[in-house]
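Engineer: turn this into a model:
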Amino acid sequence: MRMNTRGRYGIQLLTQLACHVTDNRPLGLRQVAERTGLPWRYLEQIARPLRRAALIKGRIGRVGGYSLARLPETITLREVIEATDGPLCLMNCVDLPSVCEHSPTCPSRAVWVSLTNDLRDVLSRYSLADLATRPCAECQELAERAHHARERRKAAPVRSKRPGKKWRFMRTLE
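Structural biologist: Numbers count the residues shown, from 1 in each chain. You can find the predicted model right below:
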């Protein structure tokens, strides 16, 4: 099982907000994108479900942005992942045994139920405060690499697919 991009980016977004919880100003998504190297358009999409789940609150305007709706210590990683990805469940039959006709007699269902519960418990034990206290050197490095890559793309000359075609056209006009 792999955690998808929405969950990872949601955790990174909220961790950035948790790092700036002492500021009285909200943090813009462009600022988060610059610090983490994540695409800000995608962060906009991730912010919607987080706002609906009452994990963040937004402020519109020139000094607008997002801030945490609660203290970082009270927001668990499980809440963030479930807000962005939906309920944590390794198999459909874990929460809804009726979706599989073999659920009552399935020998492996008990293992999936146990693993799902363990995963939920572990993610419930960690909060945003746990992540916000760790150094963000990796985020800084990623952001710098992403920034340099964008700058190189901007500075690179635009080349046509067929070099010389324009020149041939101009020679026929003479």
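
Engineer: can you pull out the strands in this protein?
Structural biologist: Secondary structure of the chain, counting by DSSP state E: strands at 56-59, 65-68.

Engineer: which of these is buried the deepest?
Structural biologist: strand 65-68 (a mean of 20; mean count of other CB atoms under 10 Å). (Glycine included, C-beta is placed from N, CA and C.)

Engineer: elements contacting it?
Structural biologist: helix 5-19, helix 29-36, strand 56-59 (3 or more CB pairs under 8 Å, 6 or more residues apart in numbering; DSSP states H and E).

Engineer: now do the second one: which elements does it pack against?
Structural biologist: Here helix 29-36 is seen to pack against helix 5-19, helix 40-52, strand 65-68, helix 137-155 when contacts are counted using 3+ CB pairs under 8 Å, 6+ apart.

Engineer: 7 Å instead?
Structural biologist: helix 5-19, helix 40-52, helix 137-155 (3 or more CB pairs under 7 Å, 6 or more residues apart in numbering; DSSP states H and E).

Engineer: ok, now the first one?
Structural biologist: Other elements packing on helix 5-19 under the criterion 3+ CB pairs under 7 Å, 6+ apart are helix 29-36, helix 40-52, strand 65-68, helix 77-85, helix 128-132.

Engineer: for Pro104, find the nearest of those.
Structural biologist: helix 77-85 (27.3 Å; CB to CB).

Engineer: which residues touch that closest one?
Structural biologist: 4, 6-7, 10-11, 14, 46, 49-50, 53, 55, 88, 120, 123-124, 126 (CB atoms under 7 Å, 6 or more residues apart in numbering).

Engineer: what about Ser108, neighbour count?
Structural biologist: 10 (other CB atoms under 10 Å).

Engineer: now for it: which residues touch it?
Structural biologist: Neighbours of Ser108 in contact, by CB under 7 Å, 6+ apart: none.

Engineer: spit out the contact partners of the residue lying closest to Arg78 once chain neighbours are set aside.
Structural biologist: Excluding its sequence neighbours, the residue lying closest to Arg78 (CB to CB, 6 or more residues apart in numbering) is Leu123, at 3.8 Å. Contacts for Leu123 were tallied using CB under 7 Å, 6+ apart; they are 76-78, 81.
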